[in-house]
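A.B. asks: Take a look and give me a structure for this.
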Amino acid sequence: MSISTVIKSIQDIMRKDVGVDGDAQRIGQLVWMLFLKIYDDREQEWELFDDDYVSPLPSGLRWRNWAADPEGITGDELKNFIDGILFPALQTLDVADDPRKAVIRSVFEDAYNYMKSGQLLRQVVNKIQEGIDFNQSQQRHAFGDMYEQILRDLQSAGNAGEFYTPRAVTEFMVNRVDPKLTETVLDPACGTGGFLTCSIEHKRQHYVQTPDDEQQLQTSIFGWEKKPLPHLLATTNMILHGIEVPSQIRHDNTLQRPYRDWGKSERVDVIVANPPFGGTEEDGIENNFPAELRTRETADLFMALFIRLLKEGGRAAVVLPDGFLFGEGMKTRLKERLLSECNLHTIVRLPNGVFNPYTGIKTNLLFFTKGQPTQHIWYYEHPYPEGYKSYSKTKPMRFAEFATEIDWWGTETDGFASRVETEQAWKVSLEEIQTRNYNLDIKNPHVGEQVSHDPDELLAQFQQQQQDIQQLRDQLKTILAEALTTPADNGEPSS
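C.D. replies: Okay, here's the model as predicted:
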């Protein structure tokens, strides 16, 4: 049985429980239980390789000792154990000098058991136990698919801003910034941790060769997430990807800290991120930023912070909407700062539909390096694969599509001297950008007027055409009515 099928059957059971109200609560219920199951699976592996391993969890709270037996405690006994023993103990773990306990405590501080029926709880626990084993490599890989399903459910539950960045996009962005073994990697709005797990895999594939290398990797990955549920998922994801103590995944609102408090010692080598866009921060957050950078648009605040957090020579790859490219006011000042403090060497323009079903907003990938001003920007317009008019669940974006960009890319050390203009690629000078008042929304000069395949745009065009046709009909009716009611001019004077 696939993980998605197991998750669906679990949610069907939860729908029968009077205490669980809506998708958001079902997902919250599911993820803390998955965390304990996954942690137990990983502990089994750690115990195999370390005879001296000691669990940070008290014996009676470990999944294997209260949940794994399908004939174990149930009904009121199970309900009372979870509410009266498990949650209070995990939420008040004495962290002392054990960072593993701190991670577990942070996960459960915002978790909650919504279910009221102990019998239904036992059914859910048994489904998780029998249907999910994350010590199997294929199920670990399938966890990403489960994340996407959970986030789609979150979207339908009304939790705006939770976007699943397609795996192909995260893999391409990490591939291009190429984080080295000892380089620190940060996502200050990490969501469920997709960019960070991709960075872990990249480092392991290209740079980890010894146990000491692995230990360096373990301490080089950082992420911050303000919402409890994505933070829990990110922490779980890190454990699943071999980060034994993911204490660097903080439950925190990055933007609450004053901009000027971020010192040089906290700067990082690489930032990969898809900051939440289209939303606004709570009142007063903008006052943490210098007057010229104040806004309540979340993506702009994060973008200002990215520039601040990079070391000299640090590299970033960021997803941003078209609105950042052509926006004025504070956006103009922010873009001026970006181009003066960083080399914004590449903008990859993605086609419509990449982030469906979460948003239809057109997006771009910005690649920049801190320390040298921008002299010119290369644009690359990513085309649809042959035969595609849009992306969908059955036709998602694939990493292989980026092969042409990777072949064309070149290296920054020689100023990308190997790059040439093609039907997809063109170069724009800083002088032209300044003449445009830092409007970066520059269309591909090698193609004529482009046909949109976006359903919303096509519908809007159709509605406008219908309005134009109706106006034309009304005008013709008026002209005909006037002609019928106006006497013909036969050239004779009226009497």
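
A.B. asks: Residue ranges of each domain in this protein, please.
C.D. replies: Using automatic domain parsing, the domain parsing of the chain gives 3-135, 160-435.

A.B. asks: a markdown table for those, including mean pLDDT and distance to residue 469?
C.D. replies: C-betas here are computed from N, CA, C, even on glycine. Converted to a markdown table, these look like this (pLDDT from 0 to 100; distance: least, Cβ to Cβ, whole Å):
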| stretch | mean pLDDT | distance to residue 469 |
| --- | --- | --- |
| domain 3-135 | 91 | 42 |
| domain 160-435 | 91 | 25 |
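
A.B. asks: okay, those in JSON lines with mean neighbour count next?
C.D. replies: Listed next are these as JSON lines, based on neighbours: other Cβ atoms under 10 Å:
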{"stretch": "domain 3-135", "mean neighbour count": "17"}
{"stretch": "domain 160-435", "mean neighbour count": "18"}
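
A.B. asks: nearest to residue 442, of those domains?
C.D. replies: domain 160-435 (5.6 Å; Cβ to Cβ).

A.B. asks: quick one: secondary structure of the residue lying closest to residue 348 once chain neighbours are set aside?
C.D. replies: Nearest non-adjacent residue to residue 348, counting by Cβ to Cβ, 6 or more residues apart in numbering: residue 365, 4.1 Å away. Three-state call for residue 365 (DSSP: H, G, I helix; E, B strand; the rest coil): strand.

A.B. asks: and residue 365, what does it touch?
C.D. replies: Residues counted as contacts of residue 365 (Cβ atoms under 8 Å, 6 or more residues apart in numbering) are 169, 172-173, 317-319, 346-348, 350.

A.B. asks: Sort out for me which of those residues are in helices.
C.D. replies: The members of the contacts of residue 365 that map onto helices under DSSP state H are 169, 172-173.

A.B. asks: Could you tell me the end-to-end distance of stretch 52-67?
C.D. replies: Stretch 52-67 has its terminal residues 24 Å apart, counting by Cα to Cα, to the nearest Å.

A.B. asks: and that stretch, how far out from the chain's middle?
C.D. replies: Taking Cα atoms, centre = their mean, to the nearest Å, one finds stretch 52-67 lying 33 Å from the centre of the chain it belongs to.

A.B. asks: can you list the residues that contact that stretch?
C.D. replies: 36-37, 39-40, 43, 46-47, 72-73, 81, 85-86, 89-90, 93, 98, 100-101, 104, 125, 128-129.

A.B. asks: I'd like the contacts of residue 365 laid out as TSV, including distance to residue 424.
C.D. replies: Putting the contacts of residue 365 into TSV (distance: Cβ to Cβ, whole Å) gives the following:
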residue	distance to residue 424
169	17
172	15
173	18
317	18
318	21
319	19
346	12
347	12
348	10
350	12
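
A.B. asks: Restricted to helices, list the contacts of stretch 52-67.
C.D. replies: Of the positions in the contacts of stretch 52-67, 36-37, 39-40, 43, 46-47, 81, 89-90, 100-101, 104, 125, 128-129 sit in helices, assigned by DSSP H.

A.B. asks: for residue 293, what are its contacts?
C.D. replies: Per Cβ under 8 Å, 6+ apart, neighbours of residue 293: 259, 300-301, 304, 330, 333-334, 337.

A.B. asks: Turn the residues you listed into JSON lines, columns for secondary structure and distance to residue 178.
C.D. replies: As requested, the contacts of residue 293 are arranged in JSON lines below (DSSP: H, G, I helix; E, B strand; the rest coil; distance: Cβ to Cβ, whole Å):
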{"residue": "259", "secondary structure": "helix", "distance to residue 178": "28"}
{"residue": "300", "secondary structure": "helix", "distance to residue 178": "27"}
{"residue": "301", "secondary structure": "helix", "distance to residue 178": "27"}
{"residue": "304", "secondary structure": "helix", "distance to residue 178": "25"}
{"residue": "330", "secondary structure": "helix", "distance to residue 178": "32"}
{"residue": "333", "secondary structure": "helix", "distance to residue 178": "31"}
{"residue": "334", "secondary structure": "helix", "distance to residue 178": "26"}
{"residue": "337", "secondary structure": "helix", "distance to residue 178": "25"}
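
A.B. asks: Just the closest of those to residue 118, please.
C.D. replies: Distance to residue 118, by Cβ to Cβ, is smallest for residue 301 among the contacts of residue 293, at 45.3 Å.

A.B. asks: so the closest one touches residue 256, yeah?
C.D. replies: No - counting by Cβ atoms under 8 Å, residue 301 does not reach residue 256; the two are 10.7 Å apart.

A.B. asks: shared neighbours of those two, anything?
C.D. replies: Joint contacts of residue 301 and residue 256 (Cβ under 8 Å, 6+ apart) are residue 285.
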